[in-house]
Structures are given as structure tokens and as C-alpha cells.
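Novice: 3D, please:
(2 chains)
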2 protein chains.
Amino acid sequence: MNYFIGVDVGTTSTKAVLYDDKAVVIKQFSQGYDLFRDSNGMAEQNPEAMVEAVMQVIHDAGQEIDFTTEKLLAVSFSSANQSLILLDDKFHPQSRVITWADTRARQAADELKRSPLGREMYANTGTPIHPMSPLTKLLWLKKTAPEKLEAASYFGDIKSYLFYRFFNTFKVDISIASCTGMMNINSGDWDAKALEITGVKKEQLPEIVNGTTQAIGLTDEAQAKMGIPADTPFVYGAFDGALSNLGVGAIEQDTVAITIGTSAGVRVITDHPVIDPQERLFCYAVDNGLWVVGGPLNNGGHVYQWAVHHLVTPSAVRNEKTDPFTLANHVIEGEPTGANGLIFLPFLGGERAPLWDANARGTFFGLNNLHTRGDMLRAVMEGINMNIATVFYAVRDLVGTPKSVTATGGFARAEVWRQMLADVLNCPVNIPESFESGCLGAITMAMKSLGMVDDLSAVKNYIGEEKSYTPNPEAVEIYSKYLPLFQQVEGLLTPAYSTIAKLQQK
Amino acid sequence: MNYFIGVDVGTTSTKAVLYDDKAVVIKQFSQGYDLFRDSNGMAEQNPEAMVEAVMQVIHDAGQEIDFTTEKLLAVSFSSANQSLILLDDKFHPQSRVITWADTRARQAADELKRSPLGREMYANTGTPIHPMSPLTKLLWLKKTAPEKLEAASYFGDIKSYLFYRFFNTFKVDISIASCTGMMNINSGDWDAKALEITGVKKEQLPEIVNGTTQAIGLTDEAQAKMGIPADTPFVYGAFDGALSNLGVGAIEQDTVAITIGTSAGVRVITDHPVIDPQERLFCYAVDNGLWVVGGPLNNGGHVYQWAVHHLVTPSAVRNEKTDPFTLANHVIEGEPTGANGLIFLPFLGGERAPLWDANARGTFFGLNNLHTRGDMLRAVMEGINMNIATVFYAVRDLVGTPKSVTATGGFARAEVWRQMLADVLNCPVNIPESFESGCLGAITMAMKSLGMVDDLSAVKNYIGEEKSYTPNPEAVEIYSKYLPLFQQVEGLLTPAYSTIAKLQQK
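Specialist: Below you'll find the model as predicted:
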């Protein structure tokens, strides 16, 4: 039998999925590592720990293969989209991996966003001006620690660093490059203006290659630690969001992919770059001639977790021997659409798309004497979905009305969520029965790289059964009255967010 | 021994308190009656049932007196401030008593308020343009049932109707007249413009008399039913809010009276009429040379009841054998001032002062991942007090900074409420240990009427011990940062209230 290994390098762990050459999952492996956080907004990883973890999961997956009779066709990579690592002239790390979740570049991002240059940089790169991006992280370092910038010879991300460690070559796929805020979305090369304002030279950045590019010839150390043949092709792949779209078959612009995990995401793949005049959406390259447009949302399932934790009575749950989420879903099913006239803005953790306001906070609006805790629970789930709908509509307005949505993520498991999403979006929602979408997307790129498929759309053959949810016209009618109010209240409260965020810092 | 009976004619019951001539409470009596409500906003009373109830409580109080050796010096009246009753030419009721709580005049009030005439009428009468007032109720009837207005010979309120039934004389005290929206606050007579726009003639309204005016000579029927001497002086008194100020000794403009019952009220007595350029406050006459300025708030203790009902876990309460309010107060005491950066607007039932917006609704603003149900509970109590503070500040800005606040009402019983009120207002708060403030105010007017005291301030001799709460400087400092945000959010959300109210009607 022949195999692929799909590797997904995440924020707190790396996962490897061993597939056969028909993309059937054989076995999964995982290795965790620390995310170093402190109160200043730091969110860093130890690069050495990540190199070790990635080599370990590949090693473990490789142990399943009998290399005397079987072949590992390729290893292909998905990774978190944004990170920055400073390297010296020998490519030794001069910093930890500063992740997308690190918010210390907030002030630099705010300043850039408020200047006319901010709009220009977004239009050039498709990357929203936000502390998540390497562009704003470099501007932050330039202002607060210029000596560190001076001392660095190269500026990489976690994927280019991993590949350097495995192959002594400093390259990055176009999709990861595109998320940095440093790549021109039209030329596919590093953006002159981005280089100018950060003071970084093009030679200090990795070479941009297509995601189907192979690296071959593992270093001795990497080969020894992974225990796989040195000539195994490693395919660069893309960033996790883009590969997740591939992995659920949402690879044309008639299908929008929505993920509701702890956070949430809305993404659609297009055949041309799409820049949002209102700067709500990202546009990143995926591969030759493919882009992904969408928005990342901070406030997904963790908001529901918060509500269930505080609005479901623990002892009632104990007595009924039901887990609180099941109980909450049951309560919500019993509540009317619209929660009897209650609006919830889910911005517990600030918000990226559609607001891009780290100071945003959550709001219940419209409480009256008759509202119950059950209404509040339902309003929370509706509010999370309405916020997702706001990004969905932004995508729809720019890319066109999709035929359907494919939804994945842990919080898309409950029936009440799935139907509510279809109703709020007024769009059919399909749920793949099982998926490891990021890794499946990655090995599809490997298949294309190896010439085994002509087109990435071949991935559709590997996706299992889907379950479909059709919008309920009555609920659609009701939500069509709530959504404008949700958006009105969202707009009205914007001027108060910075003050409340300041009060909460004490 | 000699006695007074203080009678307080309320919305759902009438209370009589028997006092000796030193204002010591001997015994209390009460009679309930229905408040007829339906979904259209009706809130009516049966006038005959009220006459019977009032006669009954006076009868019961009179039974305590041995009229062979003792004397009932006077009966004096407190009553709800606004009501309307249509009478025919023989003073027979042509309608039930349409109470202040009846909101069917909402549209008429909205129209008047939006017109330049609305501002003029408020300035003339001191009565906010609101469905509570007889002025707007007459405008509503003129528009929707002109035949009823045509058919009526007289327009009274519950107190003038009671006195008519007892004495065949159609008069009303200046304080009740002043609350109708029909009396000119400067002249003390019916307002020409109010008569013009309602189409009511001055002769159809009761004669306006001072609150210390006596009626003597009970009708045979009234005398028989009450079982007291026919020559007992009945003193008109005033409306309950004004008498409540008297009854707690808040009779000069250095002392603001605050009541927190189901709803709430802020009132201060002044020696001149005070008209609020922003139309947030009422200004009603109390007696010769005395006016009362303040605001009635819908959202007092009932909002806290709502929060305790929905945010305190019932089973936890059962286990601990503690009532939920005690538990909630305890939770709130354990939370930091400011509820970790959470704002609550308490407008569950619309709001009168300071917003005068029946469509207003409640809001939690500023929720983040770390907020708990305990934070929400504390934010509710703080929000109720901040709303009261908004009215308090409006009073302060117009009348001057008071030396202290005297607080009464069922929700002022908990220590945490009392201290929080002092902290939010940044003003010392005194709590009378025991009080029947409305009835005590009423008999003080009777004493003045009888020449037993020179001045209403004599009431201070009859008030028991007070407990005092001094603002805590640290809490004052914190609330001084929260209050502007509370008011900002209140202002920001105003445009969304009509839409949410409409959504809740379905």
C-alpha cells in the first residue's frame, strides 16, 4: 500500500493523519506544545519544541509503514496562517514564534489602520490591518525594539522555519506568504511598500513558491529523527483555512465554508483576488489562480461555552444526569425563533471580522420583564450565528450568492445549531459526516503535486456523506427582521467599546 | 386621647393609619380592590369599589376610638397622583377610574410631545408629556371617543370624586390638580391652553383648593358607613409622592427623597417652581409656596426581582435554606465595585424619568469571557442605582446640591443597596428606621390645617431614628468612571428601542 501523511501545525499542537493513496484515513497522531501567554498579549511558541513535535508525529505515522514493501508518497503541510520568527545569518532563531494570537502589535496596527497607508496596504495585500499579521508585528518591533530587527538576518514563519530545518532551504508557500500582509496579492511577490515601511529587505524573506512545490532531500538529522526515506517529497501545502475549504470540497465560489469551533470562520474560494472596500474581509492566495476570501471571527463556540457555563443551572444538570450542552440545546429548541425579542452581540473576546475591534464586548439588548434565562441562552446562539451571517453577507455581496454552505467544527454537531445556521443565513447548509479537512486538503495538494490528479477539485471524491439542512421559511422571515436590528445595535455601540475595555483593564 | 386618620388611596389598595395627636402610629388598616388590566394598556379601577374601600378603612380605624370620651381630630388624604374619571351632570361615573398606569394615551402623548406645543404645555404645567397624565388621556379620548367627552359633564380624579361622594362638593387639592397636566404651575389655576386643546371648560373641572382645606359635613350615607361624627374635618392633603417627602422630613431643598419600591422615585421640595429645560423632571405644587421637583422611574425593585429570579440558582437556594434575595445580596457584596466592567441599563419595562421612552428595554453591555452570573447580578443592582443617579443629578443640576438623601421603600432594606446608593450618588444616605411616610405626611397637613403646628416642617418631630450611610471614597471614584459610560450607552441605544419594542409585540 502507498501512503500520504497530512500534517496540520496548529497553535497548541501538531496533528498528523496517515492516509492511504485513496485518501482513506488510516490513523491519527498528535503532539502538543506550550503557547506562552502573559497579560501583555504575548502568545508565543518555542520553535525547537515545534520542530520536535512535527518530527515526532511524522515519525509515529511513518512507523505504520513497512518501507520494504510500501511507499510514503508524500508528506504535505497545513499550518496556522500567521506567525513571525526572527532568524540570524545561520537561520538560528533569535526569537520564539510570535503567533497570530499575539496582540502586542495592537497599537502599531491601530496607527496603521487609521492612516491612509492602512487602506493602501490592505488593498495591496488583501490582509486586514490587525495585530495578527506579520506586517504589523514587524512595525511593532521596529518601534519598540529596533535593535532586534537590526540584529535579525532573516524573517520567517513557522512553516518556512520547519522546511529550513528539514531541507536547509528558505522558502514559503504563496498562501502563507499571502497572509503576512507583506505579499502583493496581484503580483504574488513581496510588496515594495510593505518592505519599505518595515525596513525589511526582500532577501531577508523566504522565497515564495506554489503550494504544490516539493522539497526533497531531508537533512541527516531530520531523516534520522523522522525515520522515513530521505527522498520522500515534502509538499509545502497552504494555510489551514484554505486547506479546510479544500478538505470539505468548498473549492468554487458557489460554496461557502463555515467553521464554528472555539472561534469561527467564513471562507470562499475564488478565481480572482477580491478586495473588500469596507476592509472587513481577507483575501489570501491559495495556489496558482485560486484565492480565498473571508473573515475570521473570534466569537464562536467559546461564547456558547460561556453562556452554558453561566446560564445553565449546574445542579439541575447533575440531577438530570445530562451534560450542560445537551440540556442547553434542548432549552433552546423549546424557545421561539428570535428569543422573544432579545438581541445578543457575541463579542466577548473583542472581534476580528466583521468589526475588527479588539475592544468590542458582548451585549444583551432588549431585555424585558418576561425574558427568561432560556431566552438569554437562545439569544446567545442566535447572536453567534447572526454575527457569522454578517460576515457571510459581506462575502456574498462581493463574491455572489452561493448555492450552499458547508459547515464544520465542534459546535456544528448539534441539530439546533445546524438548522439555525441555515435559517439565519437563508441558505442550505451541508454538514460532512466526518472530516479532517485541513489534512485532507494538504494531501490533495500533494496528489496534484505528484500528478495523480489534474485538479484540486478531485478532493470531492474523497469526502464522505453529507447531511443537508434547508432554511425554514418562517424562521427566515423572522430573522430577516432581527438581523438589521442586530447590525444597527452593533453600529450604535461602537463608540463605547474603547471605554468599557479600559474599565476592564483595571 | 385624640386621633388622626391618615388615608393613602393607592392603585391596588387603600390604607388607613390611626395616629394619636403626637403622630404615634396606633394601628393600620387596609382594603384591596382590582386594577383592571388588559393587553391594550388599560389600567382601570372601579370607582364604587374604591369608595367602599375608603369608607371601610375609615370605619375600621374609627372603631378603635371611643367617641364618648375621645376625639377624631381629622381625616387626611394621600392618593396616587394621576387619574381621570368622567362624570355626568349628577356626578355619576360615566367611566371607571383611568389610572396613571393606563398607557392607552401613548400615541396622543407621543404626538403632543413631538410638537412644539408639547414643550409649551410642559413649561406651563410642570407635568411631563406622558400617557400617565389626565391631559394626554383627555386628548386620547378626544381623538378616539369624542362622544364620551361630549357626554361627560365633569372630569374628576379619584380624590375629587371621593370628596364629592362624602360631601357633595367638587374640589381638588392643588397638588393633585398640578399633576393633571391641566394646571398652570405659575398661576395655580387651570391652564387656558390645556383647556383649549382638550376642549374642556374650566367649569367642568373641580375647584382647586389648598391641601390644608377642610371639608366638613359628611353626607348621611357616608357618615353612616364610616361610623364617625359627621362634623369630622376631612383634609384634602396632597398626592402620595409629595406627602412621602413630608413624611420622611425631606421638606427643604437640601434633602432629596428617594423611594425604591417596585418602581422608584426621586423628589425634592422647593420654594419655587422648577422647569427642566430637558423635560426630564416633573414640577408639581404641594401647598402654598411649596413645589416638588423630581422624576418617577419605572425600573426599581421589580428589575432586581427579575434578575434574582433568573440569575440565582433556585436549587442552590433550596439547599442552603436561604431566600434568593438574601443569597443575591450576599453574592453582590462579594463582587467588586463596577462588576468587573459590566454595565446594565435597567429599562425592562420602558422608562419614565429620565428617558421618557416607553419602548426602552434592558441591556447588559460589556460582557467578556471572565464575567459570571454574580457580575451580572451586581451590575443589575448598580444599574438600577445609576439610573436613579441620572435623575438625582438632573435634580441636583436644577435645584442645587443636597446635603443628604433620605431613602425609603422595600428595596432599601438591604445594607448592600443602601451603601451602594450612597456610593453611586456620592451623597450621604439616611434611612428612617420605620415609616409610613405618605400617611404621616397627610396628618401633618391636617395638623397645619387645624392650627396645631405653624409649619409642615413640624413633621420632623414625629420621625423616628435614622441610620446613616456615608459614601466610600474608593467606590465613589470607581462609579465616577462608570456613570458617564452608563449614560453614553443609554444615549447610543435610544434609536433602537422602537424597533425592539415592535419585535416584542408579536
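Novice: least trustworthy helix or strand in chain A by mean pLDDT?
Specialist: Lowest by mean pLDDT, DSSP states H and E among the helices and strands of chain A is helix A:314-320, with a mean of 51.
Novice: quick one: name whatever helix or strand follows that one.
Specialist: As assigned by DSSP states H and E, the chain's next helix or strand after helix A:314-320 is helix A:324-333.
Novice: chain center to that next one, what's the gap?
Specialist: Offset of helix A:324-333 from its chain centre (Cα atoms, centre = their mean, to the nearest Å): 27 Å.
Novice: using CSV, write out every CA atom in that helix.
Specialist: Output in CSV follows, covering the C-alpha atoms of helix A:324-333 (Å, rounded to 0.1, in the frame of the first residue of the first chain):
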residue,chain,number,x,y,z
PRO,A,324,-25.0,21.0,30.2
PHE,A,325,-24.6,21.5,26.5
THR,A,326,-27.3,18.9,25.7
LEU,A,327,-29.5,20.5,28.3
ALA,A,328,-28.9,24.0,26.8
ASN,A,329,-29.5,22.8,23.3
HIS,A,330,-32.8,21.3,24.5
VAL,A,331,-33.8,24.5,26.2
ILE,A,332,-33.0,26.4,23.0
GLU,A,333,-35.1,24.1,20.9
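Novice: pLDDT below threshold where in chain A?
Specialist: By pLDDT under 70, the low-scoring segments of chain A are A:313-321, A:434-436, A:506.
Novice: from the geometric centre of it, which residue sits farthest away?
Specialist: Relative to the centre of chain A, and counting by Cα atoms, centre = their mean, the farthest-placed residue is residue A:369 at 40.0 Å.
Novice: list the contacts for that residue?
Specialist: Contact criterion Cβ atoms under 8 Å, 6 or more residues apart in numbering or on different chains gives B:302, B:306, B:348-349 as the residues in contact with residue A:369. For the C-beta atoms, the positions are set from N, CA and C on the backbone; glycine is no exception.
Novice: closest one of the residues you listed to residue A:256?
Specialist: Distances from residue A:256 to those, taken as Cβ to Cβ, are shortest for residue B:348 (38.4 Å).
Novice: who does that closest one form a beta bridge with?
Specialist: Beta-bridge pairing of residue B:348 under DSSP bridges involves residue B:350.
Novice: could you dump the contacts of residue A:369 into TSV with distance to residue B:390 and neighbour count added?
Specialist: Putting these into TSV (distance: Cβ to Cβ, whole Å; neighbours: other Cβ atoms under 10 Å in any protein chain shown) gives the following:
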residue	distance to residue B:390	neighbour count
B:302	18	19
B:306	20	22
B:348	16	24
B:349	16	21
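Novice: ok, which pair from these is furthest apart?
Specialist: Set against one another by Cβ to Cβ, the contacts of residue A:369 have their most distant pair in B:306 and B:349, with a gap of 9.4 Å.
Novice: mind checking how far residue A:400 is from residue A:49?
Specialist: When distances are taken as Cβ to Cβ, to the nearest Å, residue A:400 and residue A:49 turn out to be 44 Å apart.
Novice: between these two, which has more neighbouring residues?
Specialist: Comparing residue A:400 with residue A:49 by neighbour count (other Cβ atoms under 10 Å in any protein chain shown), the higher total belongs to residue A:49, at 15 against 11.
Novice: tell me the secondary structure at the more buried one.
Specialist: Here residue A:49 takes the helix state, with states given by DSSP: H, G, I helix; E, B strand; the rest coil.
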